[in-house]
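*Asks:* how would this look folded up:
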Amino acid sequence: MKKINSLNRHKVEDDRQIAMDHRHWRNTDESPRQQTSGCSLRTARTVGFRISVMASSAAEQLPALLLFRVREIDFHAALRERYRVLDFFTSGETLPAFLAAADADADPPRAALIVGGGTRARVDAAFLDAVPSLRFVFNTGAGMDHIDLAECARRGVAVANSGTVYSTDVADHAVGMLLDVLRRVSAAQRFPRRGLSPLLGDYHPLGTKVGGKRVGIIGLGNIGMLIAKRLEAFGCAISYNSRKPKESVSYKYFATVHDLASESDVLVVACALSKETRHVVNRDVLDALGKDGVVINIGRGPIIDEADLVAALGEERIAGAGLDVFEKEPKPSSSASAPTEDTTAGIGATDEVASSQPPKLPSCRHWGWASTPLSSLPIAAEVEWLNHNIPQRIAAPNPNSKLRKAKPKRTHEAIATSLER
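*Replies:* Now for the predicted structure:
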């Protein structure tokens, strides 16, 4: 009798399992016969259901990662292999609602991946209050003006950026924009599109050569130096403005942007945005540059007072401008480009470099931590390492001082091995 009851109990449990499996398969594209071979229908159903549950459980066990970056298929696919990605742009939520939902998660995120400029997210005290579990912020660009470094350091949140990953591409783009403006390439393209032609008596002014121009660079960092080297090859005379003179270069140094502009034909903005550099290129600087002067901005939009720039272009107090960034992004539709203004939409990076993230980022700079440097590790390994090995905070860290780079104590392979244990 006990044996019969036991068999009946197992039959009831098995029937329940089959019913659950049937409901599961009604929502899938493949039938159990397509999914299995060489086994009974009941066995196939049971195995199929258990595999589904195991896959779901495995996905839930992945560490959560906040993502604030426009959708790129390869980039997102690489992240989703190792993380449970919480994507702000595809969530349809406001930032407060998105962060609140992330914080309420059973396993709240400890890492965030963010890009500056176009995102609506600023990592400040309010952001960190909303997700107190956060321990690491990785910025996929070089500019850090959208991240409150002091607040992150105070709370023990590590911050890293892309370092010099995009430097070569941005320098190439800056030179390309300068060639475009000086030779009036984009303007000449618009000329025939409007049905105009010199054969019909229409006149289009010719451009000027690059060689021999006096180029003043605001911010002689890694990108600024690469721009200088490229323009030297064109025969340009290079000078610069920076926080202090650089002993390693022979270029002429100017203590103020105004003085730099007064001795330049071209002004290239390649510095970071800060309180000191906001609107540093204003009416006075543009007037010092003169009516034949050209401005190129591949830094941050607010470094140039856009209203003053538009007025200078409209009144022909400068000759032209090439802008890859704007004070307000996206650019307002009412802010139409002047004939002497050429614009692009933050395309300093190339597909080759952009698509190499997250698999490999050659170098990163870190603020607020004095533990194992992660400068040569892929972003996925960095996030995963910090998810499991929170380093010790620096006592009274200076968030604006970049930590000394050193050879990582742990290799990527060693980290992967330790995480699998």
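*Asks:* Now do the closest residue to residue 65 other than its chain neighbours, the pLDDT please.
*Replies:* Closest residue in space to residue 65, ignoring its immediate chain neighbours: residue 83 at 4.0 Å, by C-beta to C-beta, 6 or more residues apart in numbering. (C-beta placed from N, C-alpha, C; glycine too.) With respect to pLDDT, residue 83 scores 89.
*Asks:* likewise residue 10?
*Replies:* At residue 10, pLDDT is 47.
*Asks:* Return the distance of the residue nearest to residue 65 relative to residue 256.
*Replies:* Residue 83 sits 47 Å away from residue 256 when distances are taken as C-beta to C-beta, to the nearest Å.
*Asks:* Who has more neighbours out of the two?
*Replies:* residue 83 (22 against 12; other C-beta atoms under 10 Å).
*Asks:* in this structure, which helix or strand is least confident?
*Replies:* Here the helix or strand of the chain ranked lowest by mean pLDDT, DSSP states H and E is helix 412-420, holding a mean of 35.
*Asks:* For the residue nearest to residue 65, give me phi and psi.
*Replies:* phi -140, psi 160 (degrees, to the nearest 10).
*Asks:* Isn't it up against residue 66?
*Replies:* No: contact criterion C-beta atoms under 8 Å: residue 83 and residue 66 do not qualify, at 9.8 Å.
*Asks:* Can you list the buried residues in stretch 235-242?
*Replies:* Buried positions in stretch 235-242, judged by neighbour count with 16 or more other C-beta atoms under 10 Å: 236-242.
*Asks:* before we move on, what SS does residue 296 have?
*Replies:* Classification of residue 296 by DSSP: H, G, I helix; E, B strand; the rest coil places it in strand.
*Asks:* Can you measure across stretch 277-295, start residue to end residue?
*Replies:* 16 Å (C-alpha to C-alpha, to the nearest Å).
*Asks:* wait, I meant stretch 192-207
*Replies:* Criterion C-alpha to C-alpha; first-to-last residue distance in stretch 192-207 is 16 Å.
*Asks:* buried set for stretch 172-182?
*Replies:* Of the residues in stretch 172-182, 173-178, 180-182 count as buried by neighbour count, 16+ other C-beta under 10 Å.
*Asks:* Let me have those in a markdown table, extended by pLDDT, distance to residue 96 and secondary structure.
*Replies:* Formatted as a markdown table, the buried residues of stretch 172-182 follow (pLDDT from 0 to 100; distance: C-beta to C-beta, whole Å; DSSP: H, G, I helix; E, B strand; the rest coil):
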| residue | pLDDT | distance to residue 96 | secondary structure |
| --- | --- | --- | --- |
| 173 | 94 | 35 | helix |
| 174 | 95 | 37 | helix |
| 175 | 96 | 42 | helix |
| 176 | 94 | 40 | helix |
| 177 | 94 | 37 | helix |
| 178 | 95 | 42 | helix |
| 180 | 92 | 41 | helix |
| 181 | 92 | 42 | helix |
| 182 | 93 | 46 | helix |
